[in-house]
Each structure stands twice: as C-alpha cells, then as structure tokens.
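J.: Got a predicted structure plus its sequence, pasted below:
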Amino acid sequence: MTLVALAMAGPGCATSGSGIQAGEHVTVYVSMPLRGPEAVEGRDVVRGAKLALADAQGRVGELAVRAVYLDDTGGRGARARWSQAAAAANARAAAEDSSAIAYLGDFDSGATRASLPITNEARMLQVSPASSAVDLVQPFLGAGDQVPEEVQATGERTFGRVIPSDAVQAEAGAVWARRLGVRRMGTVSDGSEFGRTMVSAFRQSLPGSRLTRRPDDLPAHAPFYYGGTPNDAPARVSRLIKASCPHPALIGSDALLGSSLLRPVQAEPFACLAIAIPRPRGTYITAAAQDPSQLPPTGQRFVKAFAQRYGRQPGRYAAYGYEAMAVVLDSIRRAGDAGDDRDAVVDAFFDTQDRDSVLGTYSIDEVGDTTLGRLAGFRLASGRPLFATALRVP
C-alpha cells in the first residue's frame, strides 16, 4: 500500500465530492509550537502533516484541501513557550474562516485547553497528535462518556486524538512493572491533576500489588512509580533519583524526558557495595508516542518517505502529525457530499473504525480517544533516554 492510498484508507465507500463543484476548497488549520524547547517536535508534526497532504495531492475527490500552519508559542528567544493566548488566537482564526473544516492541534494539553472551547463552539473537528490529558475527553478519570463541559461546552464532542491518553500511558507503566517482576513499589504524585491521574491509573492497573502512596512510606531503595512532572517532584523523589549509588527501578512518564532531574548518576562504587539494592534497577520512562523504529510496515514506509523529503530521520511525533492530517482527510472523504460541512466531518471522524494507519490499526472510541495501545519504553543510559522496548496495552 502506498502512502497516498494509506492517507485516504478507511471503512466506508461514500463517493467524495459528488455534490461538490470542482474548484471548491476547505482549509485545515495546524497549530503547533514552532519556537522554544518544543519546536523540534512541533516542526516534525508540521512536516508529517504536510507529507500526508502532499500524498493526497491536496485533494479529496473534487474538493481541494489547503492547510494553514500557525505557531502557538508566545515570548521571544529562549523564553518562547506555548501560549494560551496564541493557541486561542489560532483557534479563533480557524473558527472565523468559513472555509475551515478542521483544526489540527495543539501539541500541549494546556494549549489545547485554550483552543478547544473555541473550535467546539464553532462545531469544528479538532484532532491532536500529542495532547493526551484525560480532561480533554472526560471531566475526570473514569467518568465514562460524560462530556467535559469546561472545554466542550456545547455538550457535543468535536475533539479527538491519535495518541494514547495519559491514563493509557500509566497503564503501560504498569505493564512494564509487571514485565520487570516488580511486586512491591511506591507510587508518588507531585500533587498536580496530571500527577494524581497518572498515579491513580497506574494503581488501578496493578490490582493486588503492594503499593505505597507517600514518598515517606517508601522502604529504603524500593522501586517506585512517579507520575508527576520534573518541576514539582517531591524532595525525596529528587534525592532518590539523584542518589550517589544507582537507585532501584524508577518508572515515570514522558513528562520526564529531557529533564535535568534525570542527570547521569555519579556513583561511588565502594559505597554502593555496602548497600543491598534490589533488582531491577535503573530509570524506565514510558512514552505515548512510539519510537519510529517500532512503527508497523506502513509506518516504516512513512519513515523512509520523510527522510527522503526532509533529509533527516523523523522524530517520535512526526508520524502522529502525518496520521492526524490523514484521518482528517479520510473523515472528509467519508462525509461524502457533505465533505465541506463541519458537522458531517465531525460525525465521520467519530465513525472511524479499524483504520489502517502509519501508527497501526485503530478506531476512535465514543469519547474521541484512539484505541491504539502501542507505546514506547525508554531506559536512561548515561543521562540519555534510549529506546528499550515496545509496550502494548490491551
């Protein structure tokens, strides 16, 4: 299967464009961080999206599809970061464009919290390649099909994502803990909503295991799961990670990737001999985005095409940018004669079933989550995360 065919693949055989005049067009807005520390990932998403649109030759049947690429960062130079104001402005630009059919973004869940209320009010499909927060699709973990009205105030769902949620990533951490043979470990949150969600989902995925909740309850040198961010890590967690002797197993989320918290351990070998540190030991980091090396055969063709077009290997989020654009195009196609109608495209997206993609085969569930349970596991080596294993969540 070629990438052109893949971009348009999916169930349903509606003939796109049969009620649309040649020359008509719709626009997909893409909002990503193009400056600052996440610029590399943001630009990879944009490049992946451009490749998907190019593979479709910029068309769905008779309907031309154009893209507008916007930066959702604010600030200058080293201070550039994603900005709620910028993300909201990008969403307003899309909502006010009568040709806009979908919004691809944002990268960070915080930015998506700013853009989603606007696109939802406009009844526009929003697909994120990277925003994984639970509260974008549910008001809280375990809320079933309740609509999160803080970000989707119309009560009608218009948001979905092609990356697994935070809860699924925490479950992948539990899968890895079982694989490592861990039966007793601590679970630590930084007190944030993200941290509480990750720890709660991790604990739910390890029923029957001996788990402690507070850093002070951790036995000396016990393995532990940390569900928070590096900025707000409790003091004992920081001390354990930066211990002079190799610490026992730490399992954390991709919020830790690139953090100075995970600096190389400067071990004192003779001091370590006096301490009985259980195995397994080391730092294990789960990631919602697959490593490019673990993508399925269709994904490997994407990796090759990306390298040929851009002269370098894609990062982890490039394939998710490709697929976010590709599933938008496929939703337009499956909307048939109504491919230029926002409501029809939203409905088609939520009807996505058993889609063969560069990421693997998945469906979109009733809340807008992907059913894809393929994630990545990295292990820290000399202060650098190295891809260690593919993780699968049922």
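T.: The structure has been received and is ready for your questions.
J.: Make sure Asp343 is indeed in a helix.
T.: Yes: counting by DSSP: H, G, I helix; E, B strand; the rest coil, Asp343 is found in a helix.
J.: Show me the shaky parts of the stretch 1-150 of the chain.
T.: 1-23 (pLDDT under 70).
J.: which residues in it form strands?
T.: Along the stretch 1-150 of the chain, the segments classed as strands by DSSP state E, counting those that start in this stretch run 25-32, 59-60, 63-71, 73-74, 81-82, 100-104, 125-128.
J.: want to try TSV for those, with mean neighbour count as columns?
T.: Placement of C-beta: from N, CA and C, glycine included. Output for those, formatted as TSV (neighbours: other Cβ atoms under 10 Å):
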stretch	mean neighbour count
strand 25-32	24
strand 59-60	22
strand 63-71	19
strand 73-74	20
strand 81-82	22
strand 100-104	28
strand 125-128	30
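J.: Tell me which of the ones you listed sits nearest to Gly377.
T.: strand 125-128 (22.5 Å; Cβ to Cβ).
J.: tell me which strands and helices the closest one is in contact with?
T.: Judged by 3 or more Cβ pairs under 8 Å, 6 or more residues apart in numbering; DSSP states H and E, the packing partners of strand 125-128 are strand 100-104, helix 109-121, strand 159-161, helix 318-334, helix 342-350.
J.: Just send the ones you listed back as CSV, with distance to Ala94 too.
T.: CSV is the format used below for the helices and strands packed on strand 125-128 (distance: least, Cβ to Cβ, whole Å):
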stretch, distance to Ala94
strand 100-104, 5
helix 109-121, 7
strand 159-161, 13
helix 318-334, 12
helix 342-350, 11
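J.: ok, now which ones touch the nearest residue to Thr112 once chain neighbours are set aside?
T.: Spatial nearest neighbour of Thr112, excluding adjacent residues (Cβ to Cβ, 6 or more residues apart in numbering): Ser131 at 4.1 Å. With contact set as Cβ atoms under 8 Å, 6 or more residues apart in numbering, Ser131 has these partners: Asp106, Phe107, Asp108, Ser109, Ala111, Thr112, Arg161, Ile163.
J.: Skip the chain neighbours and tell me the closest residue to the first one.
T.: Okay, so that is Asp106. Using Cβ to Cβ, 6+ apart, the nearest residue to Asp106 is Thr112, at 4.7 Å.
J.: Let's test this: mean pLDDT of stretch 292-303, rounded?
T.: Average pLDDT, stretch 292-303: 98.
J.: Can you give me the end-to-end span of that stretch?
T.: 7 Å (Cα to Cα, to the nearest Å).
J.: Also stretch 142-157?
T.: 17 Å.
J.: Give me the buried positions along that stretch.
T.: Under the neighbour-count criterion of 16 or more other Cβ atoms under 10 Å, stretch 142-157 has Val147, Pro148, Val151, Gln152, Arg157 buried.
J.: TSV for the residues you listed, including distance to Arg59?
T.: Shown next, in TSV, are the buried residues of stretch 142-157 (distance: Cβ to Cβ, whole Å):
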residue	distance to Arg59
Val147	34
Pro148	35
Val151	32
Gln152	30
Arg157	28
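J.: Show me where the stretch 151-300 of the chain has its helices.
T.: Shown for the stretch 151-300 of the chain, the helices assigned by DSSP state H, counting those that start in this stretch span residues 166-179, 193-204, 235-241, 269-273, 297-310.
J.: residue contacts, Ala390?
T.: Here Ala390 is in contact with Gln290, Gln294, Arg374, Leu375, Ala376, Gly377 (criterion: Cβ under 8 Å, 6+ apart).
J.: 7 Å - rerun?
T.: Gln294, Arg374, Ala376 (Cβ atoms under 7 Å, 6 or more residues apart in numbering).
J.: quick revisit: now, which of the buried residues of stretch 142-157 sits nearest Ala56?
T.: Using Cβ to Cβ, the buried residues of stretch 142-157 come closest to Ala56 at Arg157, 25.3 Å.
J.: Please determine how far that closest one is located from Phe349.
T.: Distance from Arg157 to Phe349, counting by Cβ to Cβ, to the nearest Å: 10 Å.
J.: can you check Gly282 too?
T.: 40 Å.
J.: wait, doesn't Glu121 sit right on Gln152?
T.: No: using Cβ atoms under 7 Å, Glu121 is not in contact with Gln152; the gap is 9.2 Å.
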